[in-house]
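Undergrad: Would you be able to build a 3D model of this:
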Amino acid sequence: MKDTISTITMKELEQITYRALQESFSEVMSQTLQELDETIATTRDKKRFYLKDKRTLKFESVFGQVELKRNYYQDRETGNYVFLLDQYLAFDGTKGMSPVVQDLVIELAVTGVSYRQASRAMENLLGYPVISHEGIRQQLLNAEVVPEKSVPLEQDVVFLEVDGLYTKSQEKNKRQGN
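TA: Numbering: from 1, shown residues only. Now for the predicted structure:
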């Protein structure tokens, strides 16, 4: 029995299992996207969108790298070339990463010490190099900043001036020196 079982640590087992799950999820994601693309192709406005060809899409996701062939169309009204799958999913496939990975990278870069540290953290999390520190910098430069709306105060604000143990009352009608 001892000879048939190789020594493996819990850490190694967890890493192997995680990589296997990443590969499986990556395949499922690819198949799902291809099926969605085919559904879009059959239900599209065929008079407007001419199917030109299929193009390869590769992007990094939390599942690992996803690769698939997606349909490329020419819009006869505008003359532009589009990927209807990208438009349907509100996704820019040219960035090379999923929106979740992009958000994670930006969050790590903004809250962390450096872009290099953010790059290493993503590599440690996903198990493979996802993006370089310069790639993170470029993502931040191209990121859209949406300021938060200011919240108006709904209550009056009271400022207290406290000196030592006593709180002084400042009333306008009170005489000085009492």
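Undergrad: Flag every buried residue along the biggest helix by length in the chain.
TA: Looking across the chain with DSSP state H, the single longest helix is helix 10-43. By neighbour count with 16 or more other CB atoms under 10 Å, helix 10-43 contains the buried residues 22, 26, 29, 30, 33, 34, 37, 40, 41. All C-beta spots, glycine's among them, are computed from the backbone N, C-alpha and C.
Undergrad: try stretch 49-67
TA: Across stretch 49-67, burial judged by 16+ other CB under 10 Å covers 49, 57, 59, 60, 61, 62, 63, 64, 65, 66.
Undergrad: mind listing the helices for this structure?
TA: 10-43, 84-89, 99-111, 115-126, 133-142.
Undergrad: Of the ones you listed, give the one that comes closest to residue 150.
TA: Distance to residue 150, taken as CB to CB, is lowest for helix 99-111 among the helices of the chain, at 20.7 Å.
Undergrad: Got the domain ranges for the chain?
TA: 1-95, 97-144 (automatic domain parsing).
Undergrad: Let me have those in TSV, extended by mean pLDDT and distance to residue 154.
TA: Below are the domains of the chain laid out as TSV (pLDDT from 0 to 100; distance: least, CB to CB, whole Å):
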stretch	mean pLDDT	distance to residue 154
domain 1-95	90	35
domain 97-144	87	30
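Undergrad: which stretch among the ones you listed comes nearest residue 155?
TA: The closest of the domains of the chain to residue 155 is domain 97-144. By CB to CB, the value is 31.6 Å.
Undergrad: Columns distance to residue 155 on top of the helices of the chain, output as CSV?
TA: As requested, those are exported to CSV (distance: least, CB to CB, whole Å):
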stretch, distance to residue 155
helix 10-43, 49
helix 84-89, 44
helix 99-111, 32
helix 115-126, 40
helix 133-142, 38
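Undergrad: Let me know which of these is the nearest to residue 149.
TA: Closest among the helices of the chain, once you apply CB to CB, is helix 99-111, at 19.8 Å.
Undergrad: Okay, buried residues for the closest one please.
TA: So for helix 99-111, counting by 16+ other CB under 10 Å, buried means 101, 102, 104, 105, 108, 109.
Undergrad: Also stretch 76-87?
TA: Under 16+ other CB under 10 Å, the buried positions of stretch 76-87 are 83, 84, 85.
Undergrad: now these as JSON lines including distance to residue 95?
TA: Formatted as JSON lines, the buried residues of stretch 76-87 follow (distance: CB to CB, whole Å):
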{"residue": "83", "distance to residue 95": "13"}
{"residue": "84", "distance to residue 95": "18"}
{"residue": "85", "distance to residue 95": "15"}
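Undergrad: Tell me the one of the buried residues of helix 10-43 nearest residue 119?
TA: Nearest to residue 119 among the buried residues of helix 10-43, with distances taken as CB to CB, is residue 22, at 18.6 Å.
Undergrad: Right, I'll leave it there.
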